[in-house]
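Novice: 3D, please:
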Amino acid sequence: MDIGMDSIGNRIRERRKELRLTQTDMHRECGITSGALSQIENGSRVPSAIAFFSISQALNCSMEYLMTGVSSEMKNTEIFGNEKKLLDGFRELSEEDQEELIEILEVKLRKSQKARGTSAKSSGLTDTEKDNMVG
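Specialist: Okay, the predicted model is just below:
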């Protein structure tokens, strides 16, 4: 676990780019100038606690992740096999293709939910009765 300013700056830059945010976007989100953010990302400037919190909020990640590269949420969530392939592939797509893939996912989820609703109806149980069942 590397918590040096260079590593922290790299994680901030990588996360910003992953979200396709510019330094100008970050300025709008958290009030940090492009010059200051550039110095933070290069490891030559230490952000204040308030600025660091604002950066984590703008990057939609925990301060712990920015500091260490690991967050408590990540420790409990391992991604393997098809999930990793989907996530890696998704990140390589253009924003337009990502949105199209999300729409396809939403259609599939609605279809799955509808199928589950049909099987519950055919069993004669209502949602309340299913929730009250034990074991």
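Novice: Would you tell me which helix is longest in this protein?
Specialist: helix 95-122 (DSSP state H).
Novice: any idea how far that helix is from the chain center?
Specialist: How far helix 95-122 lies from its chain's middle: 21 Å, per CA atoms, centre = their mean, to the nearest Å.
Novice: Now residue 23. Nearest residue, chain neighbours left out?
Specialist: Leaving aside its sequence neighbours, residue 23 sits nearest to residue 34 (CB to CB, 6 or more residues apart in numbering; 4.0 Å). To be clear about C-beta, it is placed using only N, CA and C from the backbone, and glycine gets the same treatment.
Novice: who's in contact with the one you found?
Specialist: 23-24, 26-27 (CB atoms under 8 Å, 6 or more residues apart in numbering).
Novice: can I get those in CSV with secondary structure, neighbour count and distance to residue 110?
Specialist: CSV is the format used below for the contacts of residue 34 (DSSP: H, G, I helix; E, B strand; the rest coil; neighbours: other CB atoms under 10 Å; distance: CB to CB, whole Å):
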residue, secondary structure, neighbour count, distance to residue 110
23, helix, 16, 39
24, helix, 11, 38
26, helix, 24, 36
27, helix, 16, 39
